[in-house]
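Asks: Turn this into a model:
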Amino acid sequence: MIFDRIQVHNFGVFQGIQQALLTPKSPHQPIVLFGGLNGSGKTTLLEAFYLSLYGKLSPSFRNENGSYEKYLKRSIHHGASKSDGASVELTFRVIAAGKEEKYRICRSWTVKEDRMREYFDVFLNEQPDPALADTWAEQVDRFIPTRLASLFLFDGERIEALADPEKSAEVLKTAIHGLLGLDLIDRLNTDLHILERRKRKSLRPAAEQETIERTENEIRSLEDILLREKQNRAALQNQAERAQKAFFDIDNKYALEGGQIFEAVQQVERARVELEGKRDVIREELRNLAAGSLPLTLVDGLLKSIQNQSKRESLAFSSKILLSSIRSRDTRILSELRRQKVPTRAVKKVRDYLERDRKGLDQKSKIIGYLKLDPRVEQNVSGLLTNGLNEQQEKASRLLNELNRLETNIDILERKAAAVPDKESIAVLMKKRQEALEQVRKREAELQEADFKINEIERRKTLISGKLETCYRTGKTVEIENRDVERFLRHSSRVRSTMDTYRERLLRQHANRLEQLILEGYSQLLRKRSLVAGIRIDPSSYTLNLSDASGRLVSPERLSAGERQLLAVSILWGLARASGRPLPVAIDTPLGRLDASHRTFLVDRYFPFASHQVMLFSTDEEIHPKYFNRLIPWIGHSYRLEHRDETSSSSIEKGYFW
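Replies: Residues are numbered from 1 along each chain as shown. Below is the predicted model of the structure:
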């Protein structure tokens with residue numbers, strides 16, 4: 001199946017006739033890229049596909065509150081005349097019995113005198129086919145079965161729902177049931193059970209039949225209420241997801257405008273004051289060091305010269321004192337040698353030695369003394385040169401390093417403070433963000449209330465159903481005389497048992513294949529190939545059980561938000577491949593909240609291979625120039641949705657943002 005053209009007229013935000021050609025230019029260019037800012041009509045265009053194909057069975061309508069007529073009335077562009085109405089038209093081709101057939105389906109509606117009229121036309125090979133139009137609700141399942149549509153035409157909200165472990169089981173259950181047709185088996189099983197009840201009731205006395213009839217009516221009433229409450233809950237869930245998306249968008253804008261910095265300004269100011277206090281303490285310590293002997297490190301060479309000169313002066317002074325004593329000593333020594341009649345030659349040698357010694361002392365004593373330091377001063381200078389100055393220099397160096405670090409951090413905080421927007425400029429965003437947050441909380445409260453109502457109704461239904469079963473199994477024993485009834489009951493029970501067995505085996509058989517397809521897709525998309533090596537689908541709860549290469553279970557909490565979204569994409573990819581139908585794929589908000597690396601894998605490994613025809617509806621922040629350039633070889637057509645504020649309308653223009 002190939003979509004050739006989509007055309008809308010006064011539909012949603014689109015005014016007048018807008019159309020886009022979708023036919024791939026070649027098998028190697030399957031991508032049709034639609035770019036648009038938020039509110040420019042991307043989701044509206046996806047709704048046009050649904051509405052043209054399915055009408056009142058469209059999932060986009062089922063997610064809305066109110067009737068189908070109200071939905072169509074709301075879909076007419078506000079600037080268009082209600083009598084002119086609106087329309088959606090889709091042209092596509094399929095291969096049937098080896099022959100290509102071209103279909104053009106047009107759904108239009110007008111409002112006259114507050115009455116809405118809808119028209120639906122089908123053209124087969126450009127020829128009108130009223131019979132085909134009358135039976136289209138049955139015929140469309142030949143092309144894209146309603147139960148499988150969400151596997152091929154989906155948006156980012158569906159990916160986010162599958163990425164949530166608490167919601168994925170229900171989504172996966174619905175998809176698998178639609179894929180395998182299990183909903184038909186369940187419906188048949190229920191119908192047989194109802195028929196059995198009716199047959200059994202017909203064998204009961206009149207009084208018991210009345211009791212059973214009242215109980216059954218009560219159960220049917222509860223089922224109707226339960227269905228309405230579940231539909232209401234589904235609508236509330238959709239509104240809650242939209243509220244969450246709206247909050248996410250405004251929260252991102254709030255962060256980009258400096259809102260989070262604005263909220264943290266007091267914390268930044270406290271941190272800055274604390275650092276400035278530490279800086280002042282260090283500066284005081286440095287001032288104390290500077291007021292002491294630290295500046296002498298600048299003249300340590302001079303101090304060493306002073307130390308040396310002082311030592312020489314001390315030696316000269318000592319030499320002078322010692323010299324006079326030595327002279328008298330030397331005279332006594334020579335006199336004693338002569339008295340002892342030591343040979344003259346020996347006396348002469350001793351005398352020469354003593355003279356040389358005195359000359360040395362005399363030379364030392366002649367050093368000019370100009371410092372004349374007190375011994376205590378000399379000792380202080382020696383102490384400074386030995387240890388004191390080194391210690392102070394090391395301490396000063398540590399303090400300076402710490403001061404530089406503090407100055408750097410203070411500078412960073414001051415820049416942050418300077419980047420804080422003023423309250424007036426951020427006030428509007430703050431208000432919108434708070435309103436969006438209140439909407440999220442309101443929707444969550446409504447969901448909780450809806451869940452409470454549903455649980456209460458289901459509890460009452462279970463209780464009354466138990467009473468009904470008791471009515472069937474107790475009371476008077478009635479002999480079954482009608483053999484046809486007896487035979488029906490016996491065979492019906494066997495058929496239901498057979499269907500249960502068939503259902504279980506069918507689910508297990510296809511679950512194995514589906515597990516393999518999901519794992520293949522996930523392995524292709526995930527950069528951490530060793531993280532998940534096995535995937536199992538629990539046939540009773542429909543939860544996914546992930547395991548690593550060692551067979552150990554991998555908790556979904558271990559996966560990042562991006563990895564869970566890639567798993568969701570892999571589930572949809574696997575389900576689409578398991579359907580065995582070559583159908584186009586349309587994805588609204590394709591990259592969601594993925595980080596850069598995960599987006600790259602999706603761009604390179606999923607979009608070009610998701611199907612033979614892939615339509616992407618993206619903002620300029622999702623598929624920006626980097627990803628656009630990577631997709632260019634695969635793009636057959638590109639469009640941008642231009643929104644004009646003066647007319648509050650959008651148009652489809654050729655070419656992407658760049």
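
Asks: lowest average confidence, helix or strand, in the chain?
Replies: Least confident element among the helices and strands of the chain, by mean pLDDT, DSSP states H and E: helix 259-263 (a mean of 60).

Asks: Give the next helix or strand downstream of that one.
Replies: As assigned by DSSP states H and E, the chain's next helix or strand after helix 259-263 is helix 265-291.

Asks: helices and strands around that next one, which ones?
Replies: When contacts are defined as 3 or more C-beta pairs under 8 Å, 6 or more residues apart in numbering; DSSP states H and E, helix 265-291 packs onto helix 389-419. Heads up, the C-betas are built off the backbone N, CA and C, glycines and all.

Asks: Distance check, the nearest residue to residue 524 once chain neighbours are set aside against residue 521.
Replies: Counting by C-beta to C-beta, 6 or more residues apart in numbering, residue 524 lies nearest to residue 605, which is 5.3 Å off, once chain neighbours are set aside. Distance from residue 605 to residue 521, counting by C-beta to C-beta, to the nearest Å: 9 Å.

Asks: sorry, back to before: now the residue nearest to residue 524: phi and psi?
Replies: Dihedral pair for residue 605: phi -120, psi -10, per degrees, to the nearest 10.

Asks: related to what we said a few turns ago, residue 605 and residue 521: who's more crowded?
Replies: A count of neighbours by other C-beta atoms under 10 Å puts residue 521 above the other of residue 605 and residue 521, at 26 against 15.

Asks: ok, that one touching residue 569?
Replies: Yes. With contacts counted by C-beta atoms under 8 Å, residue 521 reaches residue 569, the gap being 7.4 Å.

Asks: Overlap in contacts, these two.
Replies: Common contact partners of residue 521 and residue 569 (C-beta atoms under 8 Å, 6 or more residues apart in numbering): residue 606.

Asks: SS state for the residue sitting furthest away from the middle of the chain?
Replies: Within the chain, the residue lying farthest from the chain centre (C-alpha atoms, centre = their mean) is residue 341, at 115.0 Å. Following DSSP: H, G, I helix; E, B strand; the rest coil, the label given to residue 341 is coil.

Asks: Check the gap between it and residue 347 for me.
Replies: Residue 341 is 10 Å from residue 347, by C-beta to C-beta.

Asks: do residue 11 as well
Replies: To residue 347, residue 11 is 138 Å away according to C-beta to C-beta.

Asks: who's more crowded, those two?
Replies: Neighbours were counted for residue 11 and for residue 347 using other C-beta under 10 Å; residue 11 has more, 30 against 16.

Asks: What residues does residue 354 make contact with?
Replies: 326, 330, 333-334.

Asks: from the residues you listed, which ones fall inside strands?
Replies: Among the contacts of residue 354, DSSP state E puts none in strands.

Asks: List buried members of the residues you listed by neighbour count.
Replies: Among the contacts of residue 354, those buried by neighbour count (16 or more other C-beta atoms under 10 Å) are 326, 330, 334.

Asks: And the pLDDT for residue 367?
Replies: If you check residue 367, the pLDDT there is 66.

Asks: Could you do the one 5 residues further on as well?
Replies: If you check residue 372, the pLDDT there is 63.

Asks: And the one 10 residues further on, by the same measure?
Replies: At residue 382, the pLDDT value in this model is 68.

Asks: How about the one 5 residues further on?
Replies: The predicted local distance difference test score for residue 387 is 63.

Asks: Let me see the contact set for residue 500.
Replies: By C-beta under 8 Å, 6+ apart, the neighbours of residue 500 are residue 189.

Asks: Now with 10 Å, please.
Replies: Contacts for residue 500 were tallied using C-beta atoms under 10 Å, 6 or more residues apart in numbering; they are 185, 189.

Asks: Doesn't it lie inside a helix?
Replies: Yes. Residue 500: assigned to a helix according to three-state DSSP.

Asks: biggest strand in this structure, by residue count?
Replies: Under DSSP E, the chain gives strand 99-112 as its longest strand.

Asks: Return the list of strands paired to it, each annotated with direction.
Replies: Applying DSSP bridges to the sheet, strand 99-112 is found paired with strand 86-96 (antiparallel), strand 115-124 (antiparallel).

Asks: other SSEs contacting the helix or strand that comes right after the shortest one?
Replies: Okay, so that is strand 115-124. Per DSSP H and E, the first helix or strand lying C-terminal to strand 115-124 is strand 127-128. Judged by 3 or more C-beta pairs under 10 Å, 6 or more residues apart in numbering; DSSP states H and E, the packing partners of strand 127-128 are strand 99-112.

Asks: can you pull the buried residues of the strand it packs on?
Replies: For strand 99-112, by 16+ other C-beta under 10 Å, it's 103-111.

Asks: And the helices in the stretch 301-450 of the chain, which stretches?
Replies: Secondary structure of the stretch 301-450 of the chain by DSSP state H, counting those that start in this stretch: the helices cover 344-365, 375-383, 389-419, 423-473.

Asks: Residue 318 is nearest to which of those?
Replies: Shortest distance between residue 318 and these, using C-beta to C-beta, is found for helix 344-365: 8.4 Å.

Asks: Run the chain-centre distance for the closest one.
Replies: Relative to the chain's own centre, helix 344-365 is displaced by 99 Å; criterion: C-alpha atoms, centre = their mean, to the nearest Å.

Asks: Same check on stretch 639-650?
Replies: Taking C-alpha atoms, centre = their mean, one finds stretch 639-650 lying 29 Å from the centre of the chain it belongs to.

Asks: what does stretch 142-151 give?
Replies: Relative to its parent chain, stretch 142-151 has a centroid offset of 29 Å by C-alpha atoms, centre = their mean.

Asks: which neighbours do residue 605 and residue 521 share?
Replies: By the contact definition C-beta under 10 Å, 6+ apart, residue 605 and residue 521 are jointly contacted by residue 566.

Asks: isn't residue 91 right up against residue 23?
Replies: Yes. If you go by C-beta atoms under 10 Å, residue 91 and residue 23 touch, sitting 9.1 Å apart.

Asks: more neighbours, those two?
Replies: Between residue 91 and residue 23, counted using other C-beta under 10 Å, residue 91 has the larger neighbour count: 22 against 15.
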